[in-house]
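# My questions concern the predicted model and sequence given below.
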Amino acid sequence: MKKTISNILVAVFVSIVFYFLSVNFIFKIPSPMGGYEAITYQVGCGIAVVAGLITAILLFVLNRNKKK
């Protein structure tokens with residue numbers, strides 16, 4: 001049970017980190033009225049979802065191999 005919760009927290013943490021990295025450093029489109037365009041945040045969410053899924057899959061596979 002504790003391992004499952006820690007795996008979920010790791011995947012969420014990685015998603016949050018990748019969201020902030022992508023919005024603040026990697027992918028920024030400034031708006032003429034100030035701030036950033038909406039596509040910046042949409043791409044950030046997409047990158048966060050993909051990073052979270054990859055992390056979850058890797059944790060699942062690695063933990064499954066340790067049990068055998």
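Sure, I can see it.
# just for this structure, where's the confidence low?
Counting by pLDDT under 70, the ranges of the chain that qualify are 66-68.
# residue boundaries of the helices in it?
Along the chain, counting by DSSP state H, helices occupy 2-21, 38-67.
# Out of the ones you listed, flag the one nearest Phe27.
When those are compared by Cβ to Cβ, helix 38-67 sits nearest Phe27, at 5.2 Å. C-beta: built from backbone N, CA, C; applies to glycine.
# Any chance you could list what contacts stretch 37-54?
11-12, 14-16, 18-20, 22-23, 26-31 (Cβ atoms under 8 Å, 6 or more residues apart in numbering).
# Same check on stretch 59-68?
Lys3, Asn7, Val10, Ala11.
# is it true that Thr55 touches Val12?
No. If you go by Cβ atoms under 8 Å, Thr55 and Val12 don't touch, sitting 9.1 Å apart.
# Could you dump the helices of the chain into JSON lines with mean neighbour count added?
Putting the helices of the chain into JSON lines (neighbours: other Cβ atoms under 10 Å) gives the following:
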{"stretch": "helix 2-21", "mean neighbour count": "14"}
{"stretch": "helix 38-67", "mean neighbour count": "14"}
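# And for the residue most central in space within the chain, nearest residue in space, chain neighbours not counted?
Nearest to the geometric centre of the chain sits Ser15, at 2.0 Å (Cα atoms, centre = their mean). Nearest residue to Ser15 in three dimensions, chain neighbours excluded: Gly52, at 3.7 Å (Cβ to Cβ, 6 or more residues apart in numbering).
# how much space between the one you found and Pro32?
Per Cβ to Cβ, to the nearest Å, Gly52 is found 32 Å from Pro32.
# I'd like to know how many residues surround Glu37.
A count of nearby residues for Glu37, using other Cβ atoms under 10 Å, gives 14.
# any idea how far Pro30 is from it?
Glu37 is 7 Å from Pro30, by Cβ to Cβ.
# gap between stretch 58-68 and the chain center?
20 Å (Cα atoms, centre = their mean, to the nearest Å).
# Dump that stretch to PDB, restricted to CA.
Included here for stretch 58-68 are C-alpha records, laid out as PDB according to Å, rounded to 0.1, in the frame of the first residue of the first chain:
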ATOM      1  CA  LEU A  58       8.500   2.900 -15.700                       C
ATOM      2  CA  LEU A  59       7.700   2.600 -12.000                       C
ATOM      3  CA  PHE A  60       5.200  -0.100 -12.700                       C
ATOM      4  CA  VAL A  61       7.700  -2.100 -14.800                       C
ATOM      5  CA  LEU A  62      10.600  -1.700 -12.400                       C
ATOM      6  CA  ASN A  63       8.500  -2.700  -9.400                       C
ATOM      7  CA  ARG A  64       7.100  -5.700 -11.200                       C
ATOM      8  CA  ASN A  65      10.500  -6.900 -12.100                       C
ATOM      9  CA  LYS A  66      11.700  -6.700  -8.500                       C
ATOM     10  CA  LYS A  67       8.900  -8.900  -7.200                       C
ATOM     11  CA  LYS A  68       9.900 -11.800  -9.500                       C
END
